[in-house]
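K.L.:
below: sequence and its predicted model.
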Amino acid sequence: MEEMSQFERLLTSIWLRLEDVSAESVVPQIRWALEEIAAYFGVQRVQLTEFRERPDDHPFFIAWSRPGVIPSTPEMVATLFGTWYHRNIISGEIVRLSKVFDELPPECETERTYCRRMGIQSVLTVPIKFRGRVACSLSLNAVDAPIAWADRTVERVGAIGQVLANVIYRKQAEESLRQNLEEIQRLKARLEAETQYLRAEVQVPGGIEEVIGRSTAFKSCVSLAAQVAPTASTVLLQGETGTGKEVLANLIHQWSPRKGDPLVKVNCPAIPASLFESELFGHEKGAFTGADQTRVGRFEVADGGTLFLDEISELPLEIQAKLLRVIQDGQFQRVGSNQTRKADVRIVAATNRDLGRAVAEGRFRDDLYFRLAVFPITLPPLRDRREDIPLLAWAFIGRRQKALGRSVERIPQRTMEALMAYRWPGNVRELENVIERALILSPGNALVLDGAFGKPSSSPARESQRMDEVARDHIVAVLERCAWRVGGSGGAGEILGVHPNTLRSRMKKLGIGRPSRGT
């Protein structure tokens with residue numbers, strides 16, 4: 001009775017101490033339990049070994065040894081895997097050896113070597129089942145002298161082992177829950193960031209011009225895009241403003257295996273230099289003044305998808321080095337964090353400037369340039385694909401006339417000749433804007449321009465003067481639509497497809513000024 005009472009006190013104390021133990025303190029508490037078990041049963045070494053369902057999973061192993069006794073380690077126990085001893089345990093058989101060297105089967109040379117090395121004279125290992133399978137084992141080693149293991153000893157070791165197994169799997173459940181919650185939080189943060197960007201033009205809309213064009217120059221670019229799209233290669237799109245670089249980036253994404261993930265656009269000139277790092281890589285709460293909450297960067301939002309860096313030449317030099325690292329190994333850190341994150345992102349960059357010259361002038365890193373220019377595609381200006389102008393004009397009419405309350409059925413020959421003769425410095429984007437303006441000015445079923453696109457003069461000087469007048473009138477018309485707002489979202493610069501500073505310079509050259517409020 002006294003012996004039973006002592007065991008019940010042991011079992012109760014272990015159960016109470018481990019019942020509400022946290023995942024962080026479970027190892028020291030189990031080690032305490034193993035020491036108590038050793039003292040009760042009069043052994044010098046106790047070990048708890050877990051058997052995972054998947055061989056590649058890291059098993060739970062913890063042992064206690066009396067000072068002066070060789071400690072047991074996972075590596076040493078692993079030498080027994082596949083032996084007679086190990087096969088018996090995982091099949092649910094108890095291994096009870098009072099005199100190991102006399103009772104081990106003749107073929108168990110590995111077990112004999114192990115016991116000789118560890119000084120084991122007697123061993124009792126009880127497999128513990130959890131949810132219908134052998135999940136772990138509790139093993140007692142006698143080193144000082146042999147022990148004859150009684151049946152009640154086997155039963156009591158099994159009872160204690162069951163308590164320890166419950167603790168292990170509760171710990172694993174808590175750890176799995178924690179990891180799942182972290183993953184949910186990560187996905188939630190990404191979804192919120194993705195939603196935010198989607199509202200602010202994450203998905204670059206595919207323009208009608210993406211499928212319109214019969215010129216050799218245009219079809220050549222589309223063919224190159226189709227060839228590179230299925231790969232993970234970085235693409236550099238070059239060409240004048242308004243030639244359709246954004247549209248081609250959209251096509252590359254849609255034709256790639258990444259089409260189910262986001263296409264995230266970064267308009268480099270629109271981001272202040274001080275915010276570039278936060279915009280690309282995100283920041284932690286409190287990282288800088290005004291950072292009142294954690295923000296996911298565009299690289300994290302684009303994970304698995306494509307990041308379109310528009311006007312990459314405007315990227316500050318200090319950010320270029322960090323961008324290079326992300327392109328090379330996919331690793332980055334949020335502002336205010338030392339945690340390295342990874343993102344699988346395909347880069348498509350675009351520029352209307354000569355990056356080679358920028359490198360020579362020290363305004364762009366040469367190593368980043370070579371990383372970006374793996375597969376360059378140069379889009380032709382509209383003046384080099386004039387045969388596409390009629391197709392594009394009709395496409396833009398079809399796109400906009402319903403919203404403007406118009407029904408244009410024909411383009412007079414003189415109007416088409418004017419469209420074909422103009423040099424289109426703003427390229428396809430400018431053509432779209434001119435067509436929209438013409439629709440507004442055309443009350444009937446024929447497209448009417450404002451007279452500026454008449455038959456071109458054979459005199460270069462007069463043609464230049466006429467083009468200046470056309471450009472001036474067009475810019476003024478756009479400015480009036482934008483309430484004379486040059487920059488920002490919906491500003492004239494955005495509509496015309498030019499940088500606000502470029503537009504201001506052109507306005508000054510053409511003598512365009514905002515009318516005073518009194519006129």
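P.N.:
Yep, that arrived.

K.L.:
what is the end-to-end distance of stretch 277-289?
P.N.:
15 Å (Cα to Cα, to the nearest Å).

K.L.:
same check on stretch 329-347?
P.N.:
13 Å.

K.L.:
for that stretch, list every residue counted as buried.
P.N.:
When burial is assessed from 16 or more other Cβ atoms under 10 Å, stretch 329-347 yields the following buried residues: 332, 333, 334, 335, 341, 343, 345, 346, 347. No exception for glycine: its C-beta is placed from N, CA and C like everyone else's.

K.L.:
cool, and stretch 483-500?
P.N.:
486, 487, 491, 492, 493, 494, 495, 496, 497, 498, 499, 500.

K.L.:
TSV please, covering those residues and showing secondary structure, pLDDT and distance to residue 433.
P.N.:
Supplementary listing: the buried residues of stretch 483-500 in TSV, determined by DSSP: H, G, I helix; E, B strand; the rest coil; pLDDT from 0 to 100; distance: Cβ to Cβ, whole Å:
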residue	secondary structure	pLDDT	distance to residue 433
486	coil	85	15
487	coil	85	17
491	coil	82	13
492	helix	81	10
493	helix	78	12
494	helix	76	11
495	helix	74	6
496	helix	73	7
497	coil	68	8
498	coil	72	11
499	coil	79	16
500	helix	82	16
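
K.L.:
nearest to residue 152, of the residues you listed?
P.N.:
Nearest to residue 152 among the buried residues of stretch 483-500, counting by Cβ to Cβ, is residue 494 at 84.8 Å.

K.L.:
who are the contact partners of residue 327?
P.N.:
234, 347, 368, 371, 372 (Cβ atoms under 8 Å, 6 or more residues apart in numbering).

K.L.:
using the record's assignment, carve this protein into domains.
P.N.:
With domains defined by automatic domain parsing, the chain comprises 2-175, 201-380, 383-510.

K.L.:
if I look at residue 149, how far off is residue 46?
P.N.:
Counting by Cβ to Cβ, to the nearest Å, the gap between residue 149 and residue 46 amounts to 14 Å.

K.L.:
just to be sure, residue 46 is in a strand?
P.N.:
Yes - assignment of residue 46 by DSSP: H, G, I helix; E, B strand; the rest coil places it within a strand.

K.L.:
ok, for it, nearest residue in space, not its chain neighbours?
P.N.:
Once flanking residues are discounted, residue 46 sits nearest to residue 34: 4.4 Å by Cβ to Cβ, 6 or more residues apart in numbering.

K.L.:
where does that neighbour sit: helix, strand or coil?
P.N.:
Residue 34 is classified as helix under three-state DSSP.

K.L.:
in this structure it contacts residue 63, no?
P.N.:
Yes - counting by Cβ atoms under 8 Å, residue 34 touches residue 63, with 7.0 Å between them.

K.L.:
hey, what's in contact with both of the two?
P.N.:
The overlap between the contact sets of residue 34 and residue 63 (Cβ under 8 Å, 6+ apart) consists of 46, 47, 48.

K.L.:
same list (the residues you listed) but as CSV, adding neighbour count.
P.N.:
As requested, the shared contacts of residue 34 and residue 63 are exported to CSV (neighbours: other Cβ atoms under 10 Å):
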residue, neighbour count
46, 26
47, 22
48, 25
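
K.L.:
now these as JSON lines including pLDDT?
P.N.:
Putting those into JSON lines (pLDDT from 0 to 100) gives the following:
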{"residue": "46", "pLDDT": "96"}
{"residue": "47", "pLDDT": "95"}
{"residue": "48", "pLDDT": "93"}
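
K.L.:
between these, which sits nearest residue 477?
P.N.:
residue 48 (81.1 Å).

K.L.:
against residue 161, how distant is that closest one?
P.N.:
From residue 48 to residue 161 the distance is 8 Å (Cβ to Cβ).

K.L.:
got it, and residue 29?
P.N.:
For residue 29, the distance to residue 161 - Cβ to Cβ - is 15 Å.

K.L.:
quick one: which of the two has more around it?
P.N.:
Higher neighbour count among residue 29 and residue 161: residue 161, with 23 against 15, using other Cβ atoms under 10 Å.

K.L.:
quick one: contacts for residue 142?
P.N.:
42, 43, 44, 120, 121, 122, 123.

K.L.:
which residues touch the first one?
P.N.:
Under the criterion of Cβ under 8 Å, 6+ apart, the contact partners of residue 42 comprise 142, 147.

K.L.:
so where's the stretch 1-150 of the chain shaky on pLDDT?
P.N.:
Counting by pLDDT under 70, the low-confidence segments of the stretch 1-150 of the chain come to 1-4, 23, 53-59.

K.L.:
need the overlap of contacts for residue 48 and residue 161.
P.N.:
Residues within reach of residue 48 and of residue 161 at once, by Cβ under 8 Å, 6+ apart, are 136, 137, 138.

K.L.:
just put those in TSV and tack on distance to residue 382.
P.N.:
Shown next, in TSV, are the shared contacts of residue 48 and residue 161 (distance: Cβ to Cβ, whole Å):
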residue	distance to residue 382
136	73
137	77
138	80
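
K.L.:
which ones among those residues map onto strands?
P.N.:
136, 137, 138 (DSSP state E).

K.L.:
in CSV: the residues you listed, plus neighbour count and distance to residue 278.
P.N.:
Listed next are those as CSV, based on neighbours: other Cβ atoms under 10 Å; distance: Cβ to Cβ, whole Å:
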residue, neighbour count, distance to residue 278
136, 25, 48
137, 23, 52
138, 24, 53
